[in-house]
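Q: Sequence first, then the predicted structure, then my questions.
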Amino acid sequence: MITKILIANRGEIAVRIIRSCREMGIRTVAVFSDADRKSLHVRYADEAVHIGPSPSTESYLVKEKIIKAAKVTGADAIHPGYGFLSENAEFAELVRNEGIIFIGPSAESIRLMGDKISARRIMTKAGVPVVPGTRRKITDDDKALKVIKRIGYPVIIKASAGGGGKGMRLVYKESESLKALKSARSEAKASFGDDAVYIEKYLTSPHHIEFQVLADRHGNIIHLCERECSIQRRHQKIVEETPSPVMTEELRKEMGEKAIAAARSVNYEGAGTIEFLVDDNLNYYFLEMNTRLQVEHPITESVTGVDLVKEQIRIASGEKLAYRQEDIYQDGHAIECRIYAEDPENNFMPSPGIIKKITEPMGLGVRTDGYVYEGYEIPVHYDPMISKLITWAKTRNEAITRMQRSLGEYYIMGIRTSIDFLKRIMEIPEFVNGQYDTHFIDNHRKKLFGPCDDVPEIEDMAMIVAFMEFMENSNSKKNGFTSQSVSNWKIQNRKKNLTRQ
Ligand code: ADP
């Protein structure tokens, strides 16, 4: 029986995990760095332990500090969330050696899937198709150049120990090969301490589609269908939805079975995700496995009704899965938009700072998983994602209009955010029609960045603003209010909407 869980993480995911724990009657311990003293996860947890200075290398990434905090507070389990130590095999091992439950798979599964080349080998053996490419690590430039030629352009060079889009380089022609190889290797060395790379054929217009799996320690494994994650910037997801607009019932069944086979091949336990690339002809190829909870897990929860964090905890307690494959189906449609403190107009530069005002969307089918509040200062030290906005509806169209409405209600003052950028994505016909691949953002740069084509001329805008102010004033007089009683941001929003339509 797990009665107290330490969450080895921060921000929105720590808050998310605390919520499920509270519903299960499990006590929680938060850990926090100097910069996170006022973070919501610290306020929400039953107990909180300070683990050091702000840089994550001195706090959230220090295994010994986390384990000590768990021992001091008597936590019987550790949930790693995503990022930080969540896919660190050594950490999982250390935690278990201390007699504490690690909420996740075995160190061995993490190790096998963490090395992308070993994962490709295991998948091939398990009958799961992989993206065509090398089977071994390459550390020699001459050999790499030969391999690139053999695979044929375009190719993608990837760090063997990679993640987060780091150490990845695209090569379209021979003259670019050596330079790309050298920069991929030096980035890999700097980010992961390992400069080994491997080479894959670059698929020209793929979809990124992943399958959620749950596996207990009694040999039961199920999948919870797919998530379409092709809307990406710099190879990083920004919008996800389920079901995928290109998925068929037949393909779902087949890919779901392959995902289960992939998990089984490494004796997987817990929640995991098998990522695939899918081409125009619906051929699919294994990309990698994430041996943890994903950022985008809420859309799966919305359509299946399964609380994935609760299932992780139950599995870690040794319980059998409460669901069989036939119990799982997708009800309706869900979309997630990741809200970042960053400036899309300035190459997505992080924009930390103090939140002066915030109004979050609400209403039927709307969920926000976040951790910021009015007056909160977003630290410079961590990932700039501040929340995830998830909408659910019976149909895809309604989920989109609900997302458009919710993004319109989302108001954050004091920092730059990706909210307006996401609003533009939601209005592009190819997104609305579900006709997009991983190049969506590059293909729609004109509409996504810079001023809108249909922004009225300056004089028109001045007239519109003057007219709106006149209307606001006359309405408020009619109602017996002063013009001050009309919320200023509402006026601002309306002005913005007028210029955008
Ligand atoms: P990371 O683990 O660094 O995030 P992934 O291997 O998961 O890297 O790939 C991230 C994204 O990069 C994919 O979702 C896809 O958009 C793109 N990508 C990766 N490999 C290929 C490939 N072989 N062909 C086309 N696109 C690719």
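A: It's in. Residues are numbered from 1 along each chain as shown.
Q: and residue 110, how far is that from residue 293?
A: With distances taken as C-beta to C-beta, to the nearest Å, residue 110 is found 13 Å from residue 293. To be clear about C-beta, it is placed using only N, CA and C from the backbone, and glycine gets the same treatment.
Q: Please report how far residue 232 lies from residue 432.
A: 18 Å.
Q: ditto for residue 207
A: Counting by C-beta to C-beta, the gap from residue 207 to residue 432 is 17 Å.
Q: neighbour count winner among the two?
A: Between residue 207 and residue 432, counting by other C-beta atoms under 10 Å, residue 207 is the more crowded of the two (23 against 16).
Q: Can you check the pLDDT for the more buried one?
A: With respect to pLDDT, residue 207 scores 98.
Q: quick one, phi psi at it?
A: Backbone torsions of residue 207, given as degrees, to the nearest 10, read phi -100, psi 140.
Q: Next: the one 4 residues further on.
A: Dihedral angles phi and psi of residue 211 (degrees, to the nearest 10) take the values phi -120, psi 130.
Q: Tell me, how many residues neighbour it?
A: By other C-beta under 10 Å, neighbour count at residue 211 equals 26.
Q: Contact residues of the stretch 151-300 of the chain facing the ligand?
A: By C-beta under 6 Å from any ligand atom, the residues of the stretch 151-300 of the chain that approach the ligand are 156, 162-165, 168, 200, 202-203, 206, 208, 232, 235, 275, 277, 287-288.
Q: Weed out the non-buried ones from those.
A: If you count burial by 16 or more other C-beta atoms under 10 Å, the buried members of these come out as 156, 162-163, 168, 200, 202-203, 206, 208, 232, 275, 277, 287-288.
Q: Now flag whichever of these is closest to residue 74.
A: Distance to residue 74 across these (C-beta to C-beta) is lowest for residue 163, with 32.9 Å.
Q: just to revisit the earlier point, filter the residues of the stretch 151-300 of the chain next to the ligand down to the ones in helices?
A: Residues of those located in helices (DSSP state H): none.
Q: In strands only, show me those residues.
A: Members of these lying in strands (criterion: DSSP state E): 156, 200, 208, 232, 275, 277, 287, 288.
Q: Taking the centroid of the protein, which residue is nearest it?
A: By C-alpha atoms, centre = their mean, the chain has its centre lying nearest to residue 295, at 3.4 Å.
Q: Spit out the contact partners of it.
A: Each residue near residue 295 by C-beta atoms under 8 Å, 6 or more residues apart in numbering is listed here: 13, 82, 237, 338, 385, 388.
Q: In this structure the second one contacts residue 308, no?
A: So that's residue 82. No: Residue 82 lies out of contact with residue 308 (C-beta atoms under 8 Å); the separation is 11.7 Å.
Q: what touches both of the two?
A: Common neighbours of residue 82 and residue 308 (C-beta under 8 Å, 6+ apart) are residue 293.
Q: Which one's more surrounded, the two?
A: Remark: of residue 82 and residue 308, residue 308 carries more neighbours, 21 against 16, as counted by other C-beta under 10 Å.
Q: Distance of the more buried one relative to residue 130?
A: 26 Å.
Q: next one: residue 403
A: From residue 403 to residue 130 the distance is 34 Å (C-beta to C-beta).
Q: Neighbour count for those two, which is higher?
A: residue 403 (28 against 20).
Q: Can you tell me how far the more buried one is from residue 300?
A: 17 Å.
Q: Same question for residue 127.
A: Taking C-beta to C-beta, one finds residue 127 at 25 Å from residue 300.
Q: quick one: which of those two has more around it?
A: The neighbour count for residue 127 versus residue 300, taken as other C-beta under 10 Å, is higher for residue 300 (28 against 11).
Q: The more buried one: which element?
A: helix 297-304 (DSSP states H and E).
Q: got the CA coordinates for that helix in PDB?
A: Extracted in PDB, the C-alpha atoms of helix 297-304 (Å, rounded to 0.1, in the frame of the first residue of the first chain):
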ATOM      1  CA  HIS A 297      -1.300  12.500 -21.500                       C
ATOM      2  CA  PRO A 298      -4.500  14.600 -20.600                       C
ATOM      3  CA  ILE A 299      -6.000  14.200 -24.100                       C
ATOM      4  CA  THR A 300      -5.900  10.400 -23.700                       C
ATOM      5  CA  GLU A 301      -7.500  10.800 -20.300                       C
ATOM      6  CA  SER A 302     -10.300  13.000 -21.800                       C
ATOM      7  CA  VAL A 303     -11.300  10.500 -24.500                       C
ATOM      8  CA  THR A 304     -10.800   7.300 -22.500                       C
END
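Q: Up against the ligand, what does this protein have?
A: 131, 156, 162-165, 168, 200, 202-203, 206, 208, 232, 235, 275, 277, 287-288, 438.
Q: what's the neighbour count on the residue in the stretch 351-500 of the chain positioned nearest to the ligand?
A: Residue of the stretch 351-500 of the chain nearest the ligand, by C-beta to the nearest ligand atom: residue 438 (3.8 Å). The number of residues packed near residue 438 is 20, by other C-beta under 10 Å.
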